[in-house]
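In: Sequence first, then the predicted structure:
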Amino acid sequence: MSEKPPPEIADIMRVSSHREVYEPCDDSFALVDALLADQTNLLNHNPNLCMEIGCGSGYVITSLILLLKPKLPNNNVHYLATDTNPLAARVTTETLEAHGVEADVICTDIASCLETRLAGSVDVIVVNPPYVPTPEYEVGMEGIASAWAGGENGRSVIDRMLPVVDRLLSEKGWFYLVTLTSNYPSEICLMMRKRGYAWRIMVQRSTEEENLVILKFWRDRDEESLEKEASSSASFASEFSRSLSSFMEKQQR
Ligand SMILES: C[S@@+](CC[C@H](N)C(=O)[O-])C[C@H]1O[C@@H](n2cnc3c(N)ncnc32)[C@H](O)[C@@H]1O
């Protein structure tokens with residue numbers, strides 16, 4: 001009898017939970033689908049240090065480890081996960097243990113206690129941030145509310161994360177980000193473009209409640225196109241909506 005291949009993503013039945021910790025949902029599944037779609041590239045990328053910001057239940061970081069670890073030539077990859085919610089840190093640790101994999105789990109705001117030490121050295125960052133548009137006062141509240149409350153346009157936490165991600169990423173670093181169309185993802189892409197990143201849409205998914213767009217960013221300092229694209233946010237927004245429409249058309253075929 002042939003041996004069963006190792007699982008490539010986390011088993012939902014072995015993901016730990018707590019009522020004050022975000023349960024894996026459509027957004028978490030869409031992010032893991034983006035990572036699966038990019039698995040071959042991620043393996044060729046051969047990362048040394050991977051990180052999830054806002055790990056919640058640990059479903060995403062555990063999946064990332066499982067889809068890389070058995071197939072990477074470099075078995076010394078280091079994995080990190082952060083969350084402001086101490087209960088999320090605990091639940092993530094339990095989920096990792098249940099799958100027999102390891103990561104350092106740190107309770108911190110974004111990556112504040114790691115930024116200086118890890119500047120320029122993280123090869124892969126994944127984030128499913130609190131993105132739901134809410135009143136500003138709900139952002140950063142204790143417990144489960146901090147999982148979704150994103151403030152104006154759902155962008156308060158996202159916009160704070162972008163410069164941190166830029167500082168942490170290595171020269172070859174990749175960044176995967178969950179957004180909603182109501183977060184104005186074209187603006188996020190433009191902000192990243194101005195920092196010297198190219199972008200692409202990895203997954204688009206419409207549920208009853210939300211329109212999810214999973215983005216991938218990587219450094220691309222083509223000065224000429226940088227100047228051209230950054231000069232007009234209107235033309236950038238239309239380029240983004242063309243990309244989104246053609247992505248959706250391809251999906252429907
Ligand atoms: C939408 S949930 C995603 C959870 C998990 N990554 C998933 O995809 O299922 C967002 C997570 O980010 C955490 N979070 C919110 N603000 C944060 C911050 N400033 N720094 C780090 N984590 C944060 C929340 O506690 C929550 O666990």
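Out: The structure has been received and is ready for your questions.

In: Could you count how many residues lie near Val124?
Out: 25 (other C-beta atoms under 10 Å). Backbone N, C-alpha and C define where each C-beta goes, glycine included.

In: Bridging across strands, which residues link to it?
Out: Bridge pairing for Val124 (DSSP bridges) gives the partners Cys50, Trp174.

In: what's the spacing between it and Leu169?
Out: Val124 sits 9 Å away from Leu169, going by C-beta to C-beta, to the nearest Å.

In: Please look at Pro129 and Val178 and confirm they touch.
Out: Yes - Pro129 lies in contact with Val178 (C-beta atoms under 8 Å); the separation is 6.7 Å.

In: Okay, buried residues for stretch 136-146 please.
Out: Within stretch 136-146, the residues scored as buried using 16 or more other C-beta atoms under 10 Å are 138-140, 144-146.

In: and the two most separated of these?
Out: Farthest-apart pair in these is Val139 and Ile144; separation 13.4 Å (C-beta to C-beta).

In: Flag every residue of the stretch 151-253 of the chain that's near the ligand.
Out: The interface of the stretch 151-253 of the chain toward the ligand, taken as C-beta under 6 Å from any ligand atom, is made up of Val157.

In: ok, now with 8 Å
Out: When proximity is defined as C-beta under 8 Å from any ligand atom, the stretch 151-253 of the chain approaches the ligand at 157, 160-161, 178.

In: Most neighbours among those residues, which one?
Out: Val178 (26 neighbours).

In: contacting residues for the nearest residue to that residue once chain neighbours are set aside?
Out: In space, and not counting its chain neighbours, Val178 is closest to Asn128: 4.2 Å by C-beta to C-beta, 6 or more residues apart in numbering. Counting by C-beta atoms under 8 Å, 6 or more residues apart in numbering, Asn128 makes contact with 27-28, 31, 54, 56, 60, 178.

In: gap between Asn128 and Glu171?
Out: From Asn128 to Glu171 the distance is 25 Å (C-beta to C-beta).

In: Can you list which of the residues of the stretch 151-253 of the chain next to the ligand are found in helices?
Out: Counting by DSSP state H, these place 157, 160-161 in helices.

In: now, which of the residues you listed sits nearest the ligand?
Out: Of all those, Val157 has the smallest distance to the ligand: 5.1 Å, by C-beta to the nearest ligand atom.

In: Can you give me the pLDDT of that closest one?
Out: pLDDT for Val157: 97.

In: next one: Val139
Out: 94.

In: what's the answer for Glu224, then?
Out: Predicted confidence (pLDDT) at Glu224: the value is 62.

In: now swap in the one 4 residues further on and tell me
Out: For Lys228, the model assigns a pLDDT of 60.

In: Please apply the same query to Ala88.
Out: 97.

In: What count of nearby residues applies to it?
Out: 27.

In: Distance check, the residue lying closest to Val127 once chain neighbours are set aside against Arg253.
Out: Of all residues not flanking Val127 in the chain, Ile53 sits nearest, at 4.8 Å (C-beta to C-beta, 6+ apart). Counting by C-beta to C-beta, the gap from Ile53 to Arg253 is 34 Å.

In: As a check, name the ranges of all helices in the stretch 151-253 of the chain.
Out: 156-168, 185-194, 223-231, 233-252 (DSSP state H, counting those that start in this stretch).

In: so how far is the ligand from the residue nearest to Val178?
Out: In this view, Asn128 and the ligand are 3 Å apart by C-beta to the nearest ligand atom, to the nearest Å.
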